[in-house]
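Peer 1: this one's sequence-less:
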């Protein structure tokens, strides 16, 4: 099976993987303790069971008979090593902050691990899905020992690491948590150009593309008998962020007016081919913590005009109320959408100048708070504690000053709401799912009231596959693990 991807994974070591492609491929090689189901809840994978003894203690029991690619058994000590190493500052894992409240890891026997926390940490079970377990013997020698070819227990092992030819070769492993894979070899090819990826599919040189697709790609292949298109409700949250720190956007009425000025439904239809679901919140429809009664902000340009008038921003002789800069990335879809937003804002008297930036440069400006508005996407949205990162006042980025280190965070819009902070703090302090859901639904309402981050849509996840490939099921998390149970016919 040949799988085409749009970018190269920075690593296959799950302790360092942050990009979507790296995390998806790493899970094929290093089996995680849990996977995320379509209900967005964690389910045991390498673990046979995970039990909460009390709010501060988890007991993990490993499945019996699972072996690493070198044939050695997966043990509790390997779990202690993998998770414990990410807490070590010397490793410099980007996931270390998620382990702040983990105080102790103990191997109770060959298959049992006890994890102890200093406070309730409900998001931890979801975090586990991203951390495949590695062999201490193979990966403990140095921090780089398993970057390219991790010694894991996933359904595939690295037969040939990613090289200058941008090809990765994976071979089947029969002692993973899954049955032996029917597809015995998987070639992963990095094909950065969108058109070239489509041509490889059409010519039969690739049989699967997952996620790295535009709505226009679907139109190009929908009538090709050798290819099949599949879609699933996505978890990628598209939004427009407004800098509420200063200027006109510091006024909640102005922010609300901008939200009402955007005809999101039309953009979904024309730019995305209808392959998205309107968002009313950061949490996707069907999520266990989402308030399904929360409606998307309606398109109402007349109300937008009234709100702008009330806020004191009357039209000038040229019809302009004020100007702002709308930043976006070089991604073709994001750029097209930003131009559409600018046209709509012009209709209510807001002069929005679109600036296209490389993501790295734009991200630096965002972290400094040096922007008016920008459009982007969070992906994937699984654990509702993401709301803490995006909306809590302690998550407002700040530069280093007076000896204090720089503060990183996802509240780039800069809104501080003490009531919202209390709700998000409380949701972090309990592992009662019903109580957490109630708190997050109240938090969603507070976020809507501030209107500093305008929900746009959740894009459908798309797959184009050869009709020779059967049994590959696209899930909401866009995992590649279904490759291990799929079959490739003649």
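Peer 2: In hand now; what should we look at? These numbers come from a predicted model, not from an experiment.

Peer 1: what segments of the stretch 251-400 of the chain are helices?
Peer 2: Remark: helices assigned in the stretch 251-400 of the chain by DSSP state H, counting those that start in this stretch are 252-261, 264-271, 301-310, 332-347, 359-368, 386-391.

Peer 1: by mean pLDDT, show me the worst of those.
Peer 2: With a mean of 82, helix 359-368 has the lowest mean pLDDT of the helices of the stretch 251-400 of the chain.

Peer 1: where's the helix or strand bottoming out on mean pLDDT in the chain relative to the chain centroid, distance-wise?
Peer 2: Confidence across the helices and strands of the chain bottoms out at helix 215-221, with a mean of 80, counting by mean pLDDT, DSSP states H and E. What separates the centre of helix 215-221 from the centre of its chain is 24 Å, taken as Cα atoms, centre = their mean, to the nearest Å.

Peer 1: does residue 4 really touch residue 208, like I thought?
Peer 2: Yes - counting by Cβ atoms under 8 Å, residue 4 touches residue 208, with 7.2 Å between them. Every residue, glycine included, has its C-beta placed from N, CA and C.

Peer 1: contacting residues around residue 43?
Peer 2: Counting by Cβ atoms under 8 Å, 6 or more residues apart in numbering, residue 43 touches 34, 35, 36, 37.

Peer 1: what are the phi and psi values for it?
Peer 2: phi -130, psi 140 (degrees, to the nearest 10).

Peer 1: how close does it sit to residue 129?
Peer 2: 9 Å (Cβ to Cβ, to the nearest Å).

Peer 1: what's the closest of the contacts of residue 43 to residue 251?
Peer 2: Nearest to residue 251, judged by Cβ to Cβ, of these is residue 36 at 39.3 Å.

Peer 1: in terms of helices and strands, where is residue 39?
Peer 2: Following DSSP states H and E, there is no helix or strand that holds residue 39.

Peer 1: contacting residues around the spatially closest residue to residue 303 that is not a sequence neighbour?
Peer 2: The shortest distance from residue 303 to any non-neighbouring residue, by Cβ to Cβ, 6 or more residues apart in numbering, is to residue 260 (5.0 Å). By Cβ under 8 Å, 6+ apart, the residues touching residue 260 are 297, 298, 299, 300, 301, 303, 304, 307.

Peer 1: contacts only, for the fourth one.
Peer 2: Residue 300 makes contact with residue 260 under the criterion Cβ under 8 Å, 6+ apart.

Peer 1: that older thread, could I get the contacts of residue 43 in a markdown table, plus columns for pLDDT, neighbour count and distance to residue 107?
Peer 2: Supplementary listing: these in a markdown table, determined by pLDDT from 0 to 100; neighbours: other Cβ atoms under 10 Å; distance: Cβ to Cβ, whole Å:
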| residue | pLDDT | neighbour count | distance to residue 107 |
| --- | --- | --- | --- |
| 34 | 97 | 21 | 19 |
| 35 | 96 | 19 | 23 |
| 36 | 93 | 24 | 26 |
| 37 | 89 | 12 | 28 |
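
Peer 1: so which of the residues you listed is the closest to residue 273?
Peer 2: residue 36 (26.8 Å).

Peer 1: the strands in the stretch 1-150 of the chain, which residues?
Peer 2: In the stretch 1-150 of the chain, the strands defined using DSSP state E, counting those that start in this stretch lie at 2-5, 34-36, 42-44, 47-54, 57-62, 102-109, 112-117.

Peer 1: what do you get for the stretch 301-450 of the chain?
Peer 2: 322-329, 350-357, 373-378.

Peer 1: partner strands of the last one, with direction?
Peer 2: Just to be clear, that refers to strand 373-378. The strands beside strand 373-378 in its sheet (DSSP bridges) come out as strand 227-242 (antiparallel), strand 322-329 (parallel).

Peer 1: dump the ones you listed into JSON lines; add mean neighbour count as well.
Peer 2: Below are those laid out as JSON lines (neighbours: other Cβ atoms under 10 Å):
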{"stretch": "strand 227-242", "mean neighbour count": "20"}
{"stretch": "strand 322-329", "mean neighbour count": "20"}
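
Peer 1: for residue 451, find the nearest of these.
Peer 2: Among those, the nearest to residue 451 by Cβ to Cβ is strand 227-242 (7.6 Å).

Peer 1: ok, and what's touching the longest helix belonging to the chain?
Peer 2: Across the chain, the longest stretch assigned as helix under DSSP state H is helix 433-450. Residues from elsewhere that reach helix 433-450, judged by Cβ under 8 Å, 6+ apart: 122, 244, 252, 255, 280-283, 288-291, 294, 297, 384, 387, 391, 415, 417, 419-420, 423-424, 426-427, 430, 453.

Peer 1: could you redo the last one with a cut-off of 6 Å?
Peer 2: By Cβ atoms under 6 Å, 6 or more residues apart in numbering, the residues outside helix 433-450 that reach it are 281, 289, 291, 294, 384, 387, 391, 415, 420, 423-424, 426-427.

Peer 1: stretch 136-146 - what's its average pLDDT?
Peer 2: Mean predicted lDDT for stretch 136-146 stands at 94.

Peer 1: give me the contact list for it.
Peer 2: By Cβ under 6 Å, 6+ apart, stretch 136-146 touches 13, 78, 81, 91, 134, 151.

Peer 1: now the fifth one: how far from residue 94?
Peer 2: Yep, that's residue 134 we're talking about. 16 Å.

Peer 1: the two: which is more packed in?
Peer 2: Shown here are residue 134 and residue 94; by other Cβ atoms under 10 Å, residue 134 has more neighbours (29 against 11).

Peer 1: ok, and the closest non-adjacent residue to the more buried one?
Peer 2: Nearest to residue 134 is residue 82, by Cβ to Cβ, 6+ apart, at 4.9 Å.

Peer 1: which pLDDT does the model give that neighbour?
Peer 2: 98.

Peer 1: does it touch residue 130 like I think?
Peer 2: No - taking contacts as Cβ atoms under 6 Å, residue 82 lies outside contact range of residue 130: 11.6 Å.

Peer 1: among the two, which residue is more densely surrounded?
Peer 2: Remark: of residue 82 and residue 130, residue 82 carries more neighbours, 27 against 19, as counted by other Cβ under 10 Å.

Peer 1: the more buried one and residue 61: what is the separation?
Peer 2: From residue 82 to residue 61 the distance is 16 Å (Cβ to Cβ).

Peer 1: what's the answer for residue 198, then?
Peer 2: In terms of Cβ to Cβ, residue 198 sits 45 Å off from residue 61.

Peer 1: of the two, which one has the most company?
Peer 2: Per other Cβ under 10 Å, whichever of residue 198 and residue 61 has more neighbours is residue 198, with 23 against 17.

Peer 1: and that one, that's in a helix?
Peer 2: Yes - the assignment for residue 198 is a helix, going by DSSP: H, G, I helix; E, B strand; the rest coil.

Peer 1: what sits against it?
Peer 2: Contacts of residue 198 (Cβ under 6 Å, 6+ apart): 217, 220.

Peer 1: and which of the contacts of residue 43 is nearest residue 362?
Peer 2: Nearest to residue 362 among the contacts of residue 43, with distances taken as Cβ to Cβ, is residue 36, at 29.0 Å.
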